[in-house]
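Participant: coords please:
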Amino acid sequence: MADRTPQQEFETRLLSVAREGVSDLWGWLKGTDFLRAPASTRWHGAHEGGLVEHSLAVHDRLVQLDGDFGFGLAEDSMALCALLHDVCKADCYVPDTRNVKDERGVWHKVPCYRFEERYPYGGHGSKSVYLVQSFVRLSPEEAAAINCHMGMYDSSSYSRPGPVYGANALAWLLHVADEAATYIDGK
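Facilitator: Residues are numbered from 1 along each chain as shown. All right, here's what the predicted structure looks like:
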């Protein structure tokens, strides 16, 4: 990413996917806050642009894991799933403040984000699948991978992803890549 912003790198990677509808999806994303949104309210990527940074980190990890395990997954599938697995977070974070005690026990207001779902649609993964498929046709494996990327953490979606992971290397690797980007890379 030499001399490029994460947003520019995201655009390059997404638009390199040779799939009908990708440019329309990109146009829609630019009309949302996706490029400047945080990835979470207080944890990984809880800063402006954190969602794009996290998505890129997941893509990097997914490509690395695919190479490590030798599955030979399609580049387009990995890019679509990794870059767009959290597209459901677009237009959901609102700047806010919270109270935090300093080392002397004095309370101070600090900036943070609050999650405010404006368009509830199923679970985290299923909403991302729905949004992506509004523009780009996903294969069943890609849709399952995005839908199950949260693993057991998304009980509102498919809370028993084991059978999916056992049958779909992309789904399992996307979940592992998301976990690694979150908990190891901190993005």
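
Participant: give me the contacts around stretch 100-113.
Facilitator: 38, 40-42, 46, 93-99 (C-beta atoms under 8 Å, 6 or more residues apart in numbering). Just so you know, the C-beta spots here come from the backbone N, C-alpha and C atoms, and that holds for glycine as well.

Participant: buried residues in the helix or strand bottoming out on mean pLDDT in the chain?
Facilitator: Sorting the helices and strands of the chain by mean pLDDT, DSSP states H and E puts helix 162-167 at the bottom, at a mean of 84. For helix 162-167, the neighbour count (16 or more other C-beta atoms under 10 Å) marks 164-165 as buried.

Participant: what do you get for stretch 30-43?
Facilitator: 33-35, 37-40.

Participant: the least confident helix or strand of the chain packs against which elements?
Facilitator: helix 169-179 (3 or more C-beta pairs under 8 Å, 6 or more residues apart in numbering; DSSP states H and E).

Participant: quick one: the helix it packs on to chain centroid distance?
Facilitator: How far helix 169-179 lies from its chain's middle: 12 Å, per C-alpha atoms, centre = their mean, to the nearest Å.

Participant: stretch 12-22 too?
Facilitator: 16 Å.

Participant: quick one: list the elements packing against the top helix by length along the chain.
Facilitator: In terms of residue count, the longest helix belonging to the chain (DSSP state H) is helix 50-69. Helix 50-69 is packed against helix 6-15, helix 75-84, helix 169-179, with contacts defined by 3+ C-beta pairs under 8 Å, 6+ apart.

Participant: quick one, which of those is nearest to Ile146?
Facilitator: helix 75-84 (5.6 Å; C-beta to C-beta).

Participant: which among the buried residues of stretch 30-43 gets closest to Ala177?
Facilitator: Ala39 (14.0 Å).

Participant: contacts only, for that closest one.
Facilitator: 45-46, 50-51, 53-54, 86, 89, 187.

Participant: circling back: mind listing what's buried along the longest helix of the chain?
Facilitator: 50-63, 65-66.

Participant: distance from the chain centre to that helix, please.
Facilitator: Distance, centroid of helix 50-69 to centroid of chain: 10 Å (C-alpha atoms, centre = their mean).

Participant: then it to CSV, C-alphas only?
Facilitator: Taking Å, rounded to 0.1, in the frame of the first residue of the first chain, the C-alpha atoms of helix 50-69 are listed here in CSV:
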residue,chain,number,x,y,z
GLY,A,50,-11.3,1.4,10.9
LEU,A,51,-13.8,-0.6,8.9
VAL,A,52,-11.8,-0.3,5.7
GLU,A,53,-8.6,-1.1,7.6
HIS,A,54,-10.2,-4.2,9.1
SER,A,55,-11.6,-5.3,5.8
LEU,A,56,-8.1,-5.0,4.2
ALA,A,57,-6.5,-6.9,7.1
VAL,A,58,-9.1,-9.7,6.7
HIS,A,59,-8.3,-9.9,3.0
ASP,A,60,-4.6,-10.0,3.7
ARG,A,61,-5.1,-12.8,6.3
LEU,A,62,-7.4,-14.8,4.0
VAL,A,63,-5.0,-14.8,1.2
GLN,A,64,-2.2,-15.8,3.6
LEU,A,65,-4.2,-18.6,5.1
ASP,A,66,-5.3,-19.9,1.7
GLY,A,67,-1.6,-20.1,0.7
ASP,A,68,-0.6,-21.7,4.0
PHE,A,69,-3.3,-24.4,3.7
